[in-house]
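K.L.:
coords below, sequence missing:
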Ligand SMILES: [Zn+2]
């Protein structure tokens, strides 16, 4: 009998713990579970463990310190493209003010997708859609996550 009561206690305890965590989770998510994906995409929560992240929120998925510990640091760069004669691309630092020296013009819009993917942009259906939408509008931009080497290339002045 004692054993059963103990198990009941454990069960209650477990239930209370789960409820507590659930409430905590809901509080963190603003009580809106459907927004989790949006928060992950906008970089408000870690895309691995869901932990809240400090601002600035610059769009694009981010990792918290714990999850990103093992990955080499990435450089967030904003790729801006405009249709002129071909697609003129320039790259901005995360402050969205500093323009990096390297500029690229590509003829084919397919190249924009290639560049995006190489730059660590996730070409999910949503990702593709956001690029395609910008292409249709003749201008737009996306966030890239560059390796140190890729970033260094953009910092170099091309003549
Ligand atoms: Zn994390």
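P.N.:
Structure's in. What do you need? Since the model is a prediction, treat every value here as computed from it, not as a measurement. Numbers count the residues shown, from 1 in each chain.

K.L.:
neighbours of residue 121, how many?
P.N.:
Counted with other C-beta atoms under 10 Å, residues neighbouring residue 121 total 21. C-beta: built from backbone N, CA, C; applies to glycine.

K.L.:
scratch that, residue 116
P.N.:
21.

K.L.:
only the buried residues of whichever strand or helix holds it, if you could.
P.N.:
Assigning secondary structure by DSSP states H and E places residue 116 in helix 110-118. Neighbour-count burial for helix 110-118, counted by 16 or more other C-beta atoms under 10 Å, picks out 111-113, 115-116.

K.L.:
and the closest residue to residue 48 other than its chain neighbours, how far from residue 50?
P.N.:
Leaving aside its sequence neighbours, residue 48 sits nearest to residue 67 (C-beta to C-beta, 6 or more residues apart in numbering; 3.9 Å). Residue 67 sits at a distance of 10 Å from residue 50 (criterion: C-beta to C-beta, to the nearest Å).

K.L.:
same check, this time on residue 145
P.N.:
Per C-beta to C-beta, residue 145 is found 19 Å from residue 50.

K.L.:
who has more neighbours out of these two?
P.N.:
residue 145 (20 against 16).

K.L.:
what strand or helix carries that one?
P.N.:
Using DSSP H and E, residue 145 sits in strand 139-146.

K.L.:
which strands or helices does that strand pack on?
P.N.:
Counting contacts by 3 or more C-beta pairs under 8 Å, 6 or more residues apart in numbering; DSSP states H and E, strand 139-146 is packed against strand 75-84, helix 125-137.
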